[in-house]
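J.: what follows is a predicted protein model with its sequence.
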Amino acid sequence: MRVGVGLPSTVPGSPGSAIVDWARRAEALGLASLGVLDRIVYDVTERISLVTMVVIGPIRSTALLAKQAGSVDAISGGRLSLGVSIGARADDYEATEWPTTGRGRRLSEQLATFRAQWEEEAIGPSPVRPGGPTLLVGGSSGEAFARMARHGDGYVHGGGPPRAFAAAVAKALAAWTDLERPGRPELWGQGYFALGGDAATEAGAAYLRDYYAFTGPFADRIAAGNLTSAGALREFVRGYEEAGCDHLVLLPTVAGVEQVDRLAEVLA
Amino acid sequence: MRVLTIGGGPAGLYLALLLRKANPDHEVTVLERNPPGATFGWGVVFSEETLGALRDADRTTFDEITDTFATWDAIDVRYRGETLRSRGHAFSAIARVQLLGILQRRCASLDVDLRFETEVPTLDGVGGYDLVVGADGVNSTVRRLGEDAFGPSLDVHTTKYAWFGTDLVFPAFTFVFRENEHGLFQVHAYPFDGRTSTFIVECPGGVWQRAGLDEASEAESMAYCERLFAEDLAGHRLRSNRSLWTSFVTVRNRTWHDGRIVLVGDAAHTAHFTIGSGTKLAMEDAVALADALLQEPGDVPAAIARYEAERQPVVERFQRAAMESASYFEHVSRYARFEPIQFAFNLLTRSGRISHLNLELRDPAFVRDVDAGFAFASTGRTSALAPAPMFAPLRLRGLELANRVVLAPPPLDAATEGVIGDRYREALVDAGSIGAGLVLTELAAVSPEGRVTSGSPGMYDPAGQSAWADLLAEVHARTPARMALRLGHAGRRGATRPRAAGADRPLRTRGWPLLSASAIPFTRRSGVPSEATPGDLARVTEAFAASARMAVVVGFDALELDMGSGYLLASFLSPLTNLRSDAFGGSPEARRRFPLEVVEAVRAQWPGDRPLAVRVSASDLATGGAEIDDAIALAGELVRRGVDLLHVVAGQTIEHDRPDSGRTPLVPYADRIRNEANEPTLVGGGITTGDQMNTILAAGRADLCLLDPRSLT
């Protein structure tokens, strides 16, 4: 299993320059990947894998998203994994005036279009890899697993304890078998962390409660799952590895580039 | 805080006392319609797990409750004159009237304002309360008054039951099955104190009517049941306490709260009595709500949200298990041909919460008997040292499989013009070497146009045939496994690219014309198939027969015809993909006609001592599509045409279907097809462990299991 780190782009107190420092620091410390929430990344690195965890596909222009992802993949020399799902927030759809009904079907159509666009090189720079960026698909419904298995290169899980990841992996593999795909899907997991004692713990919890306020009482549960000690983080990483995870991305909940150093230290 | 609780059952009383205990400043009023001491039903059951929660919540009532408990650790299944006992299950039960008495006394000592014989016809007077709790049971007035907000759905079950008591003290939780001229009745009986047992009689609605119980008085009903279960009652009498026949109602609500009004217990949710969890769930609700109010002091809406978020997933899990269990009892006559030991194992594992391994830990001797019975049915030999069900052999016609495990290595899509390559051959040989009883190939096409992808294998020319022959020679020489060829025609799902970057992506160049029941493309990007003409059908039938002849020559041990996944034969079966107006479309019989003609043509070529399997779709998983009853009817037709095994799959008839996200979603389908069409089944889909296979096989839900190949790497 390879372990990467998220960019703090949605954490308050992260100016653009801090993001650049963060990305370079993560690469310098040997982390495997850089992840972002619902954004396409602009690259300042050279070797590290780039992954979106995840972009809400149906509220975006299909052609534009395909082009942006193709560009980042080309600029980065084929290092992008594009993670997409229908997302969990209804207000994302309200804000962009897309209906929530039919969003699953729209995402499936988008996935088919991305591939066609990257392969046919109709718009944007030529992809570095023949099929374009790696496509990861998230979600937990029967439809989502089938969508992943029909169109994706892998599955991106929405977060939670290792046993929740393991249960989702079993369903992802079953769907992959059902669609008669060769090989196996890439399996991506994620978790939140804040390292640096009580202050970091508190700031991280406040950020998660705010970010997930739309889920009502679940925000507390998500905040309670934040990994705030070296022991909890190592146990989480071990649990994901045992559950068959290929790539784990640890997402920051407090800004400050020292988080990357602390993470690398715990993982070392 | 001022709290009004409507309903003085276990949930309402327990909540009231917990709130007063947590904070004596709370004013808590409980309104109950009945006088104290009035109660319906007899005993209620608790599990070990619930007892822990009750101990932590209030030690005083816990000690009193457990003091009067009847406890036992066995489940008896009485069936066909035998009693099968399984031990190691920890149960406790208490008389409902006693439980209420304990809770009422504790409420009184904590100064809860407890008012009996008080009806609450409207909620007009509740403005002065900080929290109003609807604890008024399955027929909740509070829920009805706020139904726009709660969004209730009431699911009335078709079986009828009556809740009796008896002065016979059963030694175990006892299931009794008795059949008479009217049909099959069952009893759920358990002791709840030193003198009395609950005795619930249940039967399907049709049986109940045939027995005249719809018009019988309470006394007549009781007399009928006493006669029917005379042997089980051993001279003891039934007792009635308004024990009227009724239908169970599963209550669900979109949400359990409306502002400051919140539902608990049966008012919010019910779970069928066959898993015995109603009182348990109600009292756990009370604990969770009291706890949430403590965690969110002064913020009632936040507390209610916390309560709902904590309880809903738990309750949904129980409701799912309860539905499985209720459905089992509704259709239990399906298992009437089972031997008693298998019948008992099937019953114990019905809701998916207990597996072969769980039972083995609780009662090794019982599972030894289950395994011995399974081995005997497989071999006709008795042995004190029976293998686990997955390692029992199976005979289909002249073919003897060493065990019940089937492996189908993932496709590689690397065949050249339909000829399999070395890597795929090695994968099949490896699957045999691992020890699978049967190795199943990926879909081999009956013609070049029948291939799924440009890299799919075929069985239509000498080159392909010779590659398969090399494979079989190697498998048979190097492994004990038997080999089955999966044969089919991709239909409108053909001419796609190798599936490394996705399935159902049409070839851009060097594709081929597609054929289907009707001219409907599979996806928006797929080519439009042509509607098969009578000439096409004759050619396809001949291609199937010719491929079957080749499969005989190269030495396949079994043959599987693919009628699933929206491929050509499947396209005829589904009303979503077959819009034909000729003799091959329209009614279910007409839609089955062409696939059955193919079966007949193939069976005529396939040797009588080798088994023929068919891969059937149990459901299109789509609105307006074929359903399980269609699959059962098809299975019956296949059996009549000499088919020996049904490989059960579902979905992929159309692109946007709705697959189930359960762990092993195909097993209930395989179960129904096996036990209603009376034919062996093969099932896969999320099966990754030996325990899953042992449970499915021992319970008679399928005869062979397809192990997910990726669970081995």
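T.: Cool, the structure landed.
J.: contacts and neighbour counts: CA atoms only from here.
T.: Will do.
J.: now the residue of chain A found nearest chain B: closest residue in space, sequence neighbours ignored.
T.: Distances between chain A and chain B by Cα to the nearest Cα are smallest at residue A:142, namely 4.2 Å. Nearest non-adjacent residue to residue A:142, counting by Cα to Cα, 6 or more residues apart in numbering or on different chains: residue B:661, 4.2 Å away.
J.: circling back: just checking, the residue of chain A closest to chain B touches residue B:660?
T.: Yes. At 5.0 Å, residue A:142 and residue B:660 qualify as touching, with contact defined as Cα atoms under 8 Å.
J.: tell me, how many residues neighbour the residue of chain A closest to chain B?
T.: Neighbour count for residue A:142, taken as other Cα atoms under 10 Å in any protein chain shown: 17.
J.: what's the answer for residue B:571, then?
T.: Using other Cα under 10 Å, residue B:571 has 29 neighbouring residues.
J.: gap between it and chain A?
T.: 17 Å (Cα to the nearest Cα, to the nearest Å).
J.: tell me the pLDDT at that residue?
T.: Among the per-residue scores, residue B:571 shows a pLDDT of 98.
J.: helix, strand, or coil at it?
T.: On the three-state scheme (DSSP: H, G, I helix; E, B strand; the rest coil), residue B:571 is labelled helix.
J.: same check, this time on residue B:656
T.: coil.
J.: list the contacts for it?
T.: Taking Cα atoms under 8 Å, 6 or more residues apart in numbering or on different chains as the criterion, residue B:656 is in contact with residue A:105.
J.: buried sites along stretch B:512-521?
T.: For stretch B:512-521, burial by neighbour count (16 or more other Cα atoms under 10 Å in any protein chain shown) applies to B:512, B:514-521.
J.: picking that back up, I figured the residue nearest to residue A:142 hits residue A:171, correct?
T.: Yes. Residue B:661 lies in contact with residue A:171 (Cα under 8 Å); the separation is 7.2 Å.
J.: overlap in contacts of the two?
T.: With Cα under 8 Å, 6+ apart, residue B:661 and residue A:171 have common neighbours residue A:145.
J.: of those two, who's got more company?
T.: residue A:171 (22 against 19).
J.: show me the contacts for that one.
T.: A:145, B:661-663, B:686.
J.: what's the ChimeraX line that selects buried ones from those residues?
T.: A single ChimeraX command selects the buried members of the contacts of residue A:171 (16+ other Cα under 10 Å):
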select /A:145 /B:661,663,686
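J.: and which of the contacts of residue A:171 is nearest residue A:8?
T.: Of all the contacts of residue A:171, residue A:8 sits closest to residue A:145, with 28.5 Å by Cα to Cα.
J.: what helix or strand is residue B:3 on?
T.: Residue B:3 is located in strand B:2-6, with elements delineated by DSSP states H and E.
J.: and that strand, what does it pack onto?
T.: Strand B:2-6 sits against helix B:10-22, strand B:27-31, strand B:131-134, with contacts defined as 3 or more Cα pairs under 8 Å, 6 or more residues apart in numbering or on different chains; DSSP states H and E.
J.: pLDDT of that strand, averaged?
T.: Strand B:2-6 comes out at a mean pLDDT of 96.
J.: cool, stretch B:277-292 as well?
T.: Here stretch B:277-292 scores 94 as its mean pLDDT.
J.: quick one: contacts of that stretch?
T.: By Cα under 8 Å, 6+ apart, stretch B:277-292 touches B:10-12, B:14-15, B:18-19, B:44-46, B:50, B:53-54, B:57, B:264-266, B:270-272, B:303-304, B:306-307, B:310-311, B:315, B:318.
J.: buried subset of these?
T.: B:10-12, B:14-15, B:18-19, B:44-46, B:53-54, B:57, B:264-266, B:270-272, B:303-304, B:306-307, B:310-311, B:315, B:318.
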